[in-house]
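> what would the 3D arrangement of this be:
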Amino acid sequence: MTSPSTPNLGGQHQRRRRRLISATAVLLASGGFAAFGAGAFSTTASASSATACVNIAGIESSGSKINLDPENQPSSQSSMYVDVTHDRLLDKNNSFQVSPQLATSYSSNKTATVWTFKLRHGVKFQDGKPFTAADVVYTYKRLLDPKGNSEALSSFSSFLSPGGIKAVNPYEVRFTTKAPVAQFPVLITTKDTWIVENGATNAQIASQGMGTGPFEPVNFAPGATTYQFKRNPNYWQSGLPKAPCLDFSIVQEAASANAAIETGQVDLVQSTDLSTLNTLKTNSSIKLLATPPSTSVTLAMQINKAPFNDNRVRQALKDVVNRKQMVAVALFGYGAVGDDNPVPPTSPQAWRKVVPGQNIAAAKRLLKAAGYGPNHPLSVTLYSGSYITGSLSVAELYKQMAAQAGINVNLITTPAATYFATTWPKQVFRGSAWSLRPAEVSLPLEFEGAPPLNGDNETNWHNSQYNALVAKGAATLSTAKSNSYYKQAEKMLTLNGGAIIPVFFDTVAAIRSNCSGYAPSVDFGQYDFSSLSCS
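I've put the predicted structure just below:
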């Protein structure tokens, strides 16, 4: 994902930051669910009961990699479970504005090289231990440990070192950065920065969470088909969580997810398949909750491999895309066009607001200059699947659009359940997806650094001028000037990069009408179920 999640799935830093797999293979829920789509099924607790768990259907499975460790989340399923059991120093909303969580306030020196956080008193971990600055120091040093499995290592190590993290006193922590980092508060609201208990082992964190969050796990074990989390009686936010417990299952097949929400077998579907929304709209017992454009559907080319090492070819492959048609057909209108960089044109950080339309003539000219033509057509193999909503439709449409310029796209589809684990890591041209993040996070995360330090760099884009622009943006205190550097970096990706990002889709959650207190996030790796309840 995602989330998302984050490539380099085969190495130490198995990231899959997008892991946003949607409707294909049916992952059957048990322990309360019979096979979805197989007829009648039942649940152990009715959603109408005041003491019942709220039933939530996710769309992506972590499989045997499922865990509660914030530092490495193999799918949005892991992210949901991490989020309900942990808190961060700061939270963020859909506009990427930060607000205090475990920190009550923060400040920096004039050069943005020293950031001081005041911590909340009276917070306890789920095992009863008080939360202090030592836990923050332990968490961030763990994220920077090159011997660990941290997804945040590549981005965090560029501006932070273990020696720069100090506990001033039990309720104050100080970060000293390698260079000015004006966006430090936003940068530490990633999906990996949830605070864990000082001294907790990897095994404890993976199975118990060791967090301060609103819920705590009940007999958590990888390989289960349902997972339950009960209310944390010591939670520091008064009146939260509202639900006594949460029951999670995974339903990847769109029709099955619809059947579950329509019949009340689940109270919330994390992300609906956009092709099914017209059916759900007519059901008065269901509410649809939509975000702004939130997640990219990406076609990623490794630019160090032929024929993608020729930018004329890359640009031709971008020029053939009819982006508005992809939004209308693949996303059923629930989304916005992309501009081949991770910042959507709808964002105030975008380098341009209007993306040129399909240009077949320009694509043909570029291909001719690169040595391709009717007697020697360009042929590429594209791997994709239904790993996220609209992903297979985008790939199928792309094949048709490329053919208009004489490009032969050999489209190979593979199962969603194994796509990011087995197909994605091996292929030179393949479908992908990324959760929406602000420019200061997405630009370094997705396109900066080299493997193995940054396994997220799926296009193998390495450009010192680009890296310098991103670094200047991070070090600049003026928001307008900082964004000017980011916009220059985005332009480089649009005109030279290896990512075709034609669309961003809206995340649309479905919730039963008797439930309230939940809003989906544009960041597919972030979930807040603390106020969710069903009458």
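> right, and N408 touches L382 too?
No: N408 is beyond contact range of L382, at 10.5 Å (criterion: C-beta atoms under 8 Å). Yep, even glycine has a C-beta here, placed from its N, CA and C like the rest.
> which of these two has more residues huddled nearby?
L382 (24 against 12; other C-beta atoms under 10 Å).
> could you confirm the more buried one falls within a helix?
No: with DSSP: H, G, I helix; E, B strand; the rest coil as the criterion, L382 is strand rather than part of a helix.
> how about it, what does it touch?
299, 395, 398-399, 409-412, 429-431 (C-beta atoms under 8 Å, 6 or more residues apart in numbering).
> just P344 next, same as before
293, 296, 336, 338, 350, 436, 504.
> closest to T479 among those residues?
A350 (14.5 Å; C-beta to C-beta).
> quick check: that closest one touching V343?
Yes: the criterion here is C-beta under 8 Å, and A350 meets it with V343 at 5.1 Å.
> any shared contact partners between the two?
E490.
> who has more neighbours out of those two?
V343 (28 against 19).
> next up, the contacts around the more buried one.
By C-beta under 8 Å, 6+ apart, the neighbours of V343 are 349-351, 439, 442-443, 486, 490.
> go on, K281?
Taking C-beta under 8 Å, 6+ apart, we find K281 in contact with L288.
> equivalent analysis for W351, please.
339, 341, 343, 486-488, 490-491, 494.
> surely it forms part of a strand?
No: secondary structure of W351 (three-state DSSP): coil, not part of a strand.
> so what's it closest to, chain neighbours aside?
K487 (3.8 Å; C-beta to C-beta, 6 or more residues apart in numbering).
> how's this protein carved up into domains?
Domain ranges of the chain: 90-202, 293-506, per automatic domain parsing.
> out of the ones you listed, the one nearest E253 is which?
Among those, domain 293-506 comes nearest to E253, with 9.6 Å by C-beta to C-beta.
> and the end-to-end length of the closest one?
End-to-end distance for domain 293-506: 4 Å, by C-alpha to C-alpha, to the nearest Å.
> quick one: average pLDDT of it?
Averaging pLDDT along domain 293-506 yields 93.
> then stretch 69-84?
For stretch 69-84, the per-residue pLDDT averages 92.
> number of residues surrounding Q400?
By other C-beta under 10 Å, the residues close to Q400 number 13.
> please, which helix or strand holds it?
helix 391-403 (DSSP states H and E).
> helices and strands around that helix, which ones?
If you count contacts as 3 or more C-beta pairs under 8 Å, 6 or more residues apart in numbering; DSSP states H and E, helix 391-403 packs onto strand 286-301, helix 323-330, strand 379-384, strand 408-413, strand 429-435, strand 499-512.
> Y466: which of the ones you listed is closest?
Using C-beta to C-beta, those put strand 499-512 closest to Y466, at 12.8 Å.
> any idea of the angle that closest one forms with strand 286-301?
160 degrees (axes from the mean of the first three to the mean of the last three C-alpha atoms, to 10 degrees).
> any idea how far L317 is from the residue at the greatest distance from the centre of the chain?
Outermost residue of the chain with respect to the C-alpha centroid, by C-alpha atoms, centre = their mean, is N375; its distance is 42.7 Å. With distances taken as C-beta to C-beta, to the nearest Å, N375 is found 20 Å from L317.
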